[in-house]
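[1] Compute the structure for the input listed below.
(chains A and B)
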There are 2 protein chains.
Amino acid sequence: MASPIYLGVVGVGGVGSAFLQQLARLPNAPQLVLLARSSQTLRAPAPAYTPALPADWKAATESAGVTQSGALSVAEMASYLAAAPGRAVLVDNTSDPALASAYPTFLRQGVSVVTPNKKGFSSDLALWKEIFAAAAQGDALVYHESTVGAGLPVISTLRDLVATGDQVTRIEGVFSGTLSFLFNTFAPVSSTSPAAPWSQVVSQAKDLGYTEPDPRDDLNGMDVARKLTILARIAGLDVAAPDAFPIESLIPAELADLPSTADGITQFMARLPEFDSQMAAIKDEAAQQGKVVRYVGSIDVATQQVRVGLQQFPQDSAIAGLKGSDNIISFYTQRYGSNPLIVQGAGAGGDVTAMGVTADLLKVVQRLR
Amino acid sequence: MASPIYLGVVGVGGVGSAFLQQLARLPNAPQLVLLARSSQTLRAPAPAYTPALPADWKAATESAGVTQSGALSVAEMASYLAAAPGRAVLVDNTSDPALASAYPTFLRQGVSVVTPNKKGFSSDLALWKEIFAAAAQGDALVYHESTVGAGLPVISTLRDLVATGDQVTRIEGVFSGTLSFLFNTFAPVSSTSPAAPWSQVVSQAKDLGYTEPDPRDDLNGMDVARKLTILARIAGLDVAAPDAFPIESLIPAELADLPSTADGITQFMARLPEFDSQMAAIKDEAAQQGKVVRYVGSIDVATQQVRVGLQQFPQDSAIAGLKGSDNIISFYTQRYGSNPLIVQGAGAGGDVTAMGVTADLLKVVQRLR
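    Sure thing, here's the model as predicted:
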């Protein structure tokens, strides 16, 4: 009874490659008919859309009988997928704001969207509303589990709570694997040796590839703010934009104007040790009260307050005890009472992020067939 | 585009009542056409199946124009739902093994099943297999999130891990709200006053309604064993039955033969204090090593070992720190590495169990439309 589903995939970076590997191992996978990366687009020839591409993207680039082209415009991609002889799905594994802003174009034409790209859901409220209106208009689906907490069941849990009529009162947690690692290392609950200064911890995280190429993209708090924006909107708050609420940046004001260039990054890392004493003071102040400092996001639904920044936590709290680069998200609701529903685990990394994308794709395929 | 979905609901106990309340508040709810409780069945007259019943079951019993009948057989219920002029769903809010064993009858006729009833999924392996084969044959769906951890996303998370190709290596946790409460109270991590003896804690839990009417139905470990059986099967282990692996019963052997009658329960509670010193010794042994004792279930997928019973945990572990009657479930997988994916929160109670049922129903409706 199952009719074929036609799949377009954009992005072959860390998440994109992991997703394509998972796709290749799925039984009854949808047919990959479009694969785009920055330099090239491959597509199966219309109108039959066969032969489909192999999910192994390196093999796909050498696949005979498929149309190779330069970078297609998003409008061209949308038209191509919309004209497939069956339901189509776009999987956007980029963090491209331009592609995200074109989701309504895909959705209005009946092309469903699955993505870990936060941009479409955490930018202007108008785009958020347009995306879901376009999905309804095109009878298409939008799934974006991996935009918060990677493969952890965060978005789906919150949507279930809301859809079944529970009252979500507060959401709180550590939403950045990078900042989780930085503070778990800088201010561990129990340590046998004194922890390294802040700048050294940042440098270590950068060397391990735990930060963005420019660590300021983690330290400015915007990634966490985008995730909070998404959750707050699902919980019913009309957050206008990801900078519409207080965000505590960990970039020293004196270094805020260094350019976003390789040279600017080098200068930033070189000058960061000047501010180690400031971070040490923040850590010591918490320690004097038997607490540790962590970088958290919180949403108070009743008072409509969203904030992102440093907070102190008791050493025996779940947030203080977090390990490695784990995320933890606590949902306080009317039904769950004083003890929240908690989801915890790795919230970043190619494999687990791709897992969220693949699981979403399977749900979309189930609903479209 | 949405075609109507016809709903049959069995059971109006704690979970059933909470479910019907949630159903009544859903926008675009499926049409309730059959409502059965032990003494009575209400159904909308075939073949049009209108007027549908109100989701308020007390109003439904007084509703004019609906056919009232004595208890229908499960075969009659299945035929009635299968003949509806659209897709139909059975919601089984009982713990009835007879109804559970009839799921294949519903599914083969195209009636989907949503339920918190563990019996169908945790009894003989043959029934488990028959259920999913019947669903495939009838192009029907089976959702049972609330069979483990109530509304917590446990089943869905495990299914996503497996479906996307992750290797689940170990599942471990506290799966009983009752036993969580008993041990969190009996052996708290930090206490200002000495905890009460075991028999008093059991008595208190019984008075609060946290145990089954016969507390031995919690203390025998079978409820946890049934949940472990379900998770192990989803993880790929062919567990033959819920008593096919070691289960440590907390019922003293000397009291095992007391009858399952009101008098038997009274005798059991009266004699339980005789065994307080045994439980105190178990608690003290753990305390001497700086640990606490907890009642847990674990599945080692690689060695195919499933076990249920007492274990000692460090005081700073997540399992030791559990509050109230919370459940905690840790999934260790290849992708998640050494830090597991953790789900934690209330794992029992009418509202949160019904929430899992309602969320499942919404997913089924989405897929059937």
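[2] Could you check what's spatially nearest to residue A:104, not counting adjacent residues?
    Of all residues not flanking residue A:104 in the chain, residue A:134 sits nearest, at 3.8 Å (C-beta to C-beta, 6 or more residues apart in numbering or on different chains). From N, CA and C alone the C-beta is placed, and that goes for glycine too.
[3] Kindly state the pLDDT recorded for that neighbour?
    As predicted, residue A:134 sits at a pLDDT of 98.
[4] What separation do you get for residue A:300 and residue A:172?
    Separation of residue A:300 from residue A:172 (C-beta to C-beta, to the nearest Å): 9 Å.
[5] The two: who's more crowded?
    residue A:172 (19 against 16; other C-beta atoms under 10 Å in any protein chain shown).
[6] can you give me the helices in the stretch 101-250 of chain A?
    Along the stretch 101-250 of chain A, the stretches classed as helices by DSSP state H, counting those that start in this stretch are A:103-108, A:119-122, A:125-138, A:155-163, A:177-186, A:198-207, A:216-219, A:222-234.
[7] wait, which of these is closest to residue B:271?
    Ranking these by distance to residue B:271, with C-beta to C-beta as the measure, places helix A:155-163 first at 43.6 Å.
[8] quick one: that closest one near chain B?
    Yes: using C-beta under 8 Å from any C-beta of the partner chain, helix A:155-163 reaches chain B at A:156-157, A:160-161, A:163.
[9] what does stretch A:20-33 give?
    Yes: using C-beta under 8 Å from any C-beta, stretch A:20-33 comes into contact with chain B via A:22, A:25-26.
[10] residues near residue A:367, how many?
    Under the criterion other C-beta under 10 Å, the count of neighbours that residue A:367 has is 16.
[11] Quickly find the element holding it.
    helix A:350-368 (DSSP states H and E).
[12] Report all helices and strands that that helix contacts.
    Where contact means 3 or more C-beta pairs under 8 Å, 6 or more residues apart in numbering or on different chains; DSSP states H and E, helix A:350-368 is packed against helix A:14-24, strand A:88-92, strand A:111-114, strand A:142-143, helix B:155-163, helix B:350-368.
[13] Paired strands for the fourth one, with orientation please.
    For strand A:142-143, the paired strands and their directions (DSSP bridges) read strand A:111-114 (parallel).
[14] how far is the strand it pairs with from where the chain is centred?
    Counting by C-alpha atoms, centre = their mean, to the nearest Å, strand A:111-114 is centred 17 Å from the centre of its parent chain.
[15] average model confidence for it?
    98.
[16] And for it, what's in contact with it?
    If you take C-beta atoms under 8 Å, 6 or more residues apart in numbering or on different chains as the criterion, strand A:111-114 is touched by A:8, A:78, A:81-82, A:87-92, A:103, A:106-107, A:131, A:135, A:138, A:140-144, A:357, A:360-361, A:364, A:368.
[17] Next: stretch A:250-257.
    Residues contacting stretch A:250-257 (C-beta under 8 Å, 6+ apart): A:216, A:219-221, A:249, A:267-268, A:271-272, A:274-275, A:278, A:295.
[18] Name the nearest of these relative to residue B:48.
    Nearest to residue B:48 among those is residue A:221, at 58.4 Å by C-beta to C-beta.
[19] Could you tell me which residues make contact with that closest one?
    Counting by C-beta under 8 Å, 6+ apart, residue A:221 makes contact with A:247-250, A:295, A:308-309.
[20] hey, what's the closest residue to it other than its chain neighbours bridged with?
    Excluding the flanking residues, the one nearest residue A:221 by C-beta to C-beta, 6+ apart is residue A:247, at 4.5 Å. Bridge pairing for residue A:247 (DSSP bridges) gives the partners residue A:308.
[21] which regions of the stretch 1-150 of chain A sit below the pLDDT cut-off?
    Residue ranges of the stretch 1-150 of chain A with pLDDT under 70: A:1-2.
[22] ok, residue A:43 - how many residues close by?
    As a burial measure, residue A:43 scores 22 neighbours (other C-beta under 10 Å).
[23] May I have the phi/psi pair for it?
    Note on residue A:43: backbone dihedrals following degrees, to the nearest 10 are phi -150, psi 150.
[24] Up against chain B, what does the stretch 101-250 of chain A have?
    With the criterion set to C-beta under 8 Å from any C-beta, the stretch 101-250 of chain A comes near chain B through A:139, A:151-153, A:156-157, A:160-161, A:163-166.
[25] Please dump these into a markdown table; it should also carry distance to residue B:235 and neighbour count for every row.
    Listed next are these as a markdown table, based on distance: C-beta to C-beta, whole Å; neighbours: other C-beta atoms under 10 Å in any protein chain shown:
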| residue | distance to residue B:235 | neighbour count |
| --- | --- | --- |
| A:139 | 36 | 12 |
| A:151 | 17 | 32 |
| A:152 | 19 | 29 |
| A:153 | 17 | 23 |
| A:156 | 20 | 22 |
| A:157 | 21 | 24 |
| A:160 | 22 | 22 |
| A:161 | 26 | 24 |
| A:163 | 28 | 16 |
| A:164 | 27 | 25 |
| A:165 | 32 | 18 |
| A:166 | 29 | 23 |
